[in-house]
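Undergrad: sequence? don't have it. structure:
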C-alpha cells in the first residue's frame, strides 16, 4: 500500500470514495466533508505523518464526529467545532496537541482528521482507532488495549461545549450519547491526547492511505465485478434482497438484518449502523472487524444499511480488516461479533 504524505484538494474525492467502502454501509456520507473542505484547500494542503515517523515528544489528539449523520446534514458544521473542542480539551488537560488523527477511518469521519488538522494548523496522523466504521466509542482500539478515553470534550453546534471526565470507556460512551441525544443530535468529539508510542502500539496504522488507495480504484469503476476485483475483496454471494428488518433502538433492539437469496442458499447480513456479519444457510462466513459491504449489481454503487431495500439485487463483498485486531485474540472481544450480541467467534479473511 502506498502511503500518503500530504492531502491536497485533488485527493479528497478518492479519500471519500474509499471511506464509503470502509464505512461498511454506515458512518455517514463523506461527501459532506469534501464539500466543506474543497474551498478551503484550493491553495493549501495538510501534512500526513505515518505513526512510525512521529517524534518521541509528539502528542496526538483523536477527533471525530459523533451522533446522527442525518442531524449533521440538517444542521451543518459552522467550521469552528473542531477548534473549539480541541481548545477545551487543551485547557482541561494542559496538553497541547502537535497532531491530530481521526478516531474512525470509515464514513464521513475518514475526513474529520483532515478537517481538524486544517482548523488547528497541525498535521494529521495516518491512523485511527477502528480501521473501519463502527457504532460506539467502546469499540476503539484504545479500549481493546486497556486504555481510557477520558477526558473527552464535545463541541456541539450552537456553541455548547461539554467536558466528560472521571468515567471509564463505557461511561464515556453513555455520557456522550446521552448529551447529543438530548441536544443537537451531533457534536465534534476530542479524546485525551496520546503519545507517539501509544499511537504506534494501540492504534490502527495506514487507514487514511488505505481509504485513498481504495478510492483511486473504486471511484473510477462502474461495474461491481471490477470494483470487487480491484478492491482485493471476496464476493460472498450475489442475489435479490428478500427481506430487510430494521433495528429498533428505542425498543432495545439495535440490530437489523438483510436476507437475500444466492442460488439455492439464503444469505443473512446482520447490521447495527454498519454491516457486521455474513452467514450462508446458517454458517458464518464473514464477520467484523473485516470490511463487510453490499454493492448494487446494477449501478455498482455501495449500498448503505439505511438504503438497502427489498427487491434490490446486491453483491456481498468482504475485504480484510486491519491486521492489528487479529494479532491478539483478546482484542476481538471489543470488535468481534460478540461485541454486538452475536454468539459466534470472529471469522476473518486472513485466517481463512
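TA: Perfect, thanks for sending it. Remember, predicted model here, so these are calculated numbers, not experimental data.
Undergrad: buried residues in the host helix or strand of residue 174, which are they?
TA: Under the criterion of DSSP states H and E, residue 174 resides in helix 169-182. Residues of helix 169-182 classed as buried by neighbour count (16 or more other Cβ atoms under 10 Å): 169, 171-176, 179-180. Where C-beta positions appear, they are placed from N, C-alpha and C, glycine not excepted.
Undergrad: helices or strands up against that helix?
TA: strand 59-67, strand 152-155, strand 161-164, strand 186-191 (3 or more Cβ pairs under 8 Å, 6 or more residues apart in numbering; DSSP states H and E).
Undergrad: just to revisit the earlier point, let's have the buried residues of helix 169-182 in CSV, adding distance to residue 205 and pLDDT.
TA: Below are the buried residues of helix 169-182 laid out as CSV (distance: Cβ to Cβ, whole Å; pLDDT from 0 to 100):
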residue, distance to residue 205, pLDDT
169, 21, 96
171, 28, 97
172, 24, 97
173, 24, 96
174, 29, 96
175, 29, 96
176, 26, 96
179, 31, 92
180, 29, 92
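Undergrad: strands of the stretch 1-150 of the chain, start to end?
TA: 6-7, 46-49, 59-67, 99-102, 124-125, 127-128 (DSSP state E, counting those that start in this stretch).
Undergrad: quick one: the third one to helix 169-182, angle?
TA: In this case it means strand 59-67. Inter-element angle recorded for strand 59-67 and helix 169-182: 50 degrees (by axes from the mean of the first three to the mean of the last three Cα atoms, to 10 degrees).
Undergrad: pull up the pairing partners for strand 59-67, direction included.
TA: Strand 59-67 has its sheet partners listed here by DSSP bridges as strand 99-102 (parallel), strand 186-191 (antiparallel), strand 194-195 (antiparallel).
Undergrad: between these, which one is nearest to residue 17?
TA: strand 99-102 (16.4 Å; Cβ to Cβ).
Undergrad: which SS class is the residue nearest to residue 126 when sequence neighbours are not counted?
TA: Distance criterion Cβ to Cβ, 6 or more residues apart in numbering; nearest residue to residue 126, sequence neighbours excluded, is residue 208 at 4.6 Å. Assigned by DSSP: H, G, I helix; E, B strand; the rest coil, the conformation of residue 208 is helix.
Undergrad: contact partners for residue 208?
TA: Counting by Cβ atoms under 8 Å, 6 or more residues apart in numbering, residue 208 makes contact with 4, 7, 15, 48, 102, 105, 110, 113, 124, 126-128.
Undergrad: what are the buried residues along stretch 228-243?
TA: 228, 231, 233-234, 236-239, 241.
Undergrad: which phi and psi does the residue lying farthest from the centre of the chain have?
TA: Largest separation from the mean C-alpha position in the chain: residue 264, at 33.7 Å (Cα atoms, centre = their mean). For residue 264, the backbone dihedrals (degrees, to the nearest 10) come out as phi -100, psi 0.
Undergrad: measure it to residue 239 for me?
TA: For residue 264, the distance to residue 239 (Cβ to Cβ, to the nearest Å) stands at 10 Å.
Undergrad: ok, the nearest residue to residue 195 once chain neighbours are set aside to residue 124 distance?
TA: Leaving aside its chain neighbours, residue 195 sits nearest to residue 59 (6.4 Å; criterion: Cβ to Cβ, 6+ apart). Applying Cβ to Cβ, the value for residue 59 to residue 124 is 14 Å.
Undergrad: give me the common contacts of the two.
TA: Here residue 59 and residue 124 share the contacting residues residue 99, scored by Cβ under 8 Å, 6+ apart.
Undergrad: the more surrounded of those two?
TA: Neighbours per residue, other Cβ atoms under 10 Å: of residue 59 and residue 124, the larger number sits with residue 124, 28 against 19.
Undergrad: contacting residues around the closest residue to that one other than its chain neighbours?
TA: If the residues on either side of it in the chain are set aside, residue 124 comes closest to residue 117, at 4.0 Å by Cβ to Cβ, 6+ apart. The contact partners of residue 117, by Cβ under 8 Å, 6+ apart, come to 46-47, 99-100, 123-124.
Undergrad: and residue 243, bridged to which residues?
TA: On the basis of DSSP bridges, residue 243 is bridged to residue 259.
Undergrad: gap between it and residue 266?
TA: For residue 243, the distance to residue 266 equals 10 Å [Cβ to Cβ].
Undergrad: next, show the common contact partners of those two.
TA: Common contact partners of residue 243 and residue 266 (Cβ under 8 Å, 6+ apart): residue 259.
Undergrad: what's next to the helix holding residue 174, contact-wise?
TA: Helix 169-182 has contacts (Cβ under 8 Å, 6+ apart) with 66-68, 136-138, 140, 142-143, 148-150, 152, 154, 156, 162, 164, 167, 186-187, 189.
Undergrad: can we see that at 7 Å?
TA: 66-67, 136-138, 143, 148-150, 152, 154, 156, 162, 164, 167, 186-187, 189 (Cβ atoms under 7 Å, 6 or more residues apart in numbering).
Undergrad: which of those residues are buried, as a ChimeraX select command?
TA: Burial among these is assessed by 16+ other Cβ under 10 Å; the matching ChimeraX selection reads:
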select :66,67,136,137,138,143,148,149,150,152,154,156,162,164,167,186,187,189
